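>>> Next come a sequence and a model predicted from it.
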Amino acid sequence: MIVLITILIILGVLLLSAVLLLFVGNAKIRVVTSNDIRVIASVCGIRFTVYPDKKSEPQKPKNLSRCRNPEKVLKRELKRQERLKAKAERKKEKAAQRAAKRHEKKIGVPQKYCPVPNLKENLEMGLALAKKFYKKTRGKIRIRVHKLHIRVAADEAAHTALLYGVVVQIVSAILNYVDQYYAALEHKEGDISVNPDYSNSESSADIDITFSAKVWRAIIMIIDMMEAYDAEKKIAYRKAALRKREKRNKPRFDFKNILTRIRKDHSLWKTNLLSRK
């Protein structure tokens, strides 16, 4: 009996802590760019790197000078790399097969028979998703700008000055729009700056921005956007199927049909004139 009571107490404490973390905890995405782009996500203080992937990072080569028999170590390393390469190819093939099966279940038609949306249909889908994302997340995401330093540079000083004016206007317009119509920007004095750099020929940017929301809100937004993506994807594939059907049923250029149509129109015109008289 005592063991059962202790187990129930532990389960209750765990459930209560999970509920508290769900409603009080924050989900954050931090985007950092200096030389490379890094995307770090954290949920209730647990951090993990989203981009770049650890597998995509270049591995340090082994120091063969310290080995007793470097030739054997080199052969072993080459074999290991070949095995990893073959394993990655097999994983890609299996992932492509699983994606094709999921696509067939969602759309209802195998991918080889279903036409792929073109650029216009993909852009329409992206625009619709952006509008839905704006509606679902407006005022619910907290934006903290830790660093936004842009250095504008060009080959010549005159070009640098012109480019600097354009960049200042674009950045100020974007920041004002986000601050007024999307979410309030949190930053300190000196965190945001755009400066001309006449000593270099290439522009650069140091960006460090954090997007955060409550865990329960983040879960709801993710579910809503996944449902919206599935719906818009089906709409895009339907548009592609209609486009292909219209293209298939489009009448070909036939000189005889054009002549017969002209004759019919001419005869109708004559009958109309005679009836008017």
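Received it, and whenever you're ready, just let me know what you need. Residues are numbered from 1 along each chain as shown.
>>> Contacts for stretch 198-218 next, please.
With contacts defined as Cβ atoms under 8 Å, 6 or more residues apart in numbering, stretch 198-218 is touched by 21-34, 43-44, 137, 140-155, 157, 160, 163, 197, 221. Quick note: C-beta positions are derived from backbone N, CA and C, even for glycine.
>>> how about it: buried residues?
Ser203, Asp208, Ile209, Thr210, Phe211, Ser212, Ala213, Lys214, Val215, Arg217, Ala218 (16 or more other Cβ atoms under 10 Å).
>>> That one - what's its average pLDDT?
Computed over stretch 198-218, the mean pLDDT rounds to 91.
>>> Just the C-alphas of stretch 239-247, formatted as CSV.
Output of stretch 239-247 as CSV, limited to C-alpha atoms (Å, rounded to 0.1, in the frame of the first residue of the first chain):
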residue,chain,number,x,y,z
LYS,A,239,-4.1,23.0,-59.7
ALA,A,240,-1.3,21.1,-61.4
ALA,A,241,-3.7,18.3,-62.4
LEU,A,242,-6.2,20.8,-63.8
ARG,A,243,-3.4,22.5,-65.7
LYS,A,244,-2.3,19.2,-67.2
ARG,A,245,-5.9,18.3,-68.1
GLU,A,246,-6.5,21.6,-69.8
LYS,A,247,-3.3,21.3,-71.7
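>>> circling back: give me the buried subset of the contacts of stretch 198-218.
For the contacts of stretch 198-218, buried by 16+ other Cβ under 10 Å: 25-30, 32, 137, 141-145, 147-154, 160, 197, 221.
>>> So which residue is smack in the middle of this protein?
With distances taken as Cα atoms, centre = their mean, the residue of the chain nearest its centroid is Gly126 (9.5 Å).
>>> Figure out the helix or strand that that one lives in.
Assigned by DSSP states H and E, Gly126 belongs to helix 119-137.
>>> same thing with Phe211?
Per DSSP H and E: strand 204-214 holds Phe211.
>>> Next, the angle helix 119-137 makes with that strand.
50 degrees (axes from the mean of the first three to the mean of the last three Cα atoms, to 10 degrees).
>>> Give the next helix or strand downstream of strand 204-214.
Next along the chain from strand 204-214, counting by DSSP H and E, comes helix 215-249.
>>> The helix or strand harbouring Arg102 - contacts with which helices or strands?
For Arg102, the enclosing helix or strand under DSSP H and E is helix 70-107. Counting contacts by 3 or more Cβ pairs under 8 Å, 6 or more residues apart in numbering; DSSP states H and E, helix 70-107 is packed against helix 215-249.
>>> Val116 versus Leu15, what's the distance?
Separation of Leu15 from Val116 (Cβ to Cβ, to the nearest Å) stands at 47 Å.
>>> With Thr160 instead?
43 Å.
>>> ok, now which ones touch the nearest residue to Arg151 once chain neighbours are set aside?
Nearest non-adjacent residue to Arg151, counting by Cβ to Cβ, 6 or more residues apart in numbering: Asp197, 4.3 Å away. Listed by Cβ under 8 Å, 6+ apart, the contact set of Asp197 reads Arg151, Val152, Ala153, Thr160, Ser203, Ser204.
>>> what's the helix or strand for the fourth one?
Translated: Thr160. Assigned by DSSP H and E, Thr160 falls in helix 157-181.
>>> got the angle for that helix vs helix 119-137?
Going by the same axes, to 10 degrees, helix 157-181 makes 50 degrees with helix 119-137.
>>> which is the next helix or strand following helix 157-181?
On the C-terminal side of helix 157-181, the closest following helix or strand by DSSP H and E is strand 185-186.
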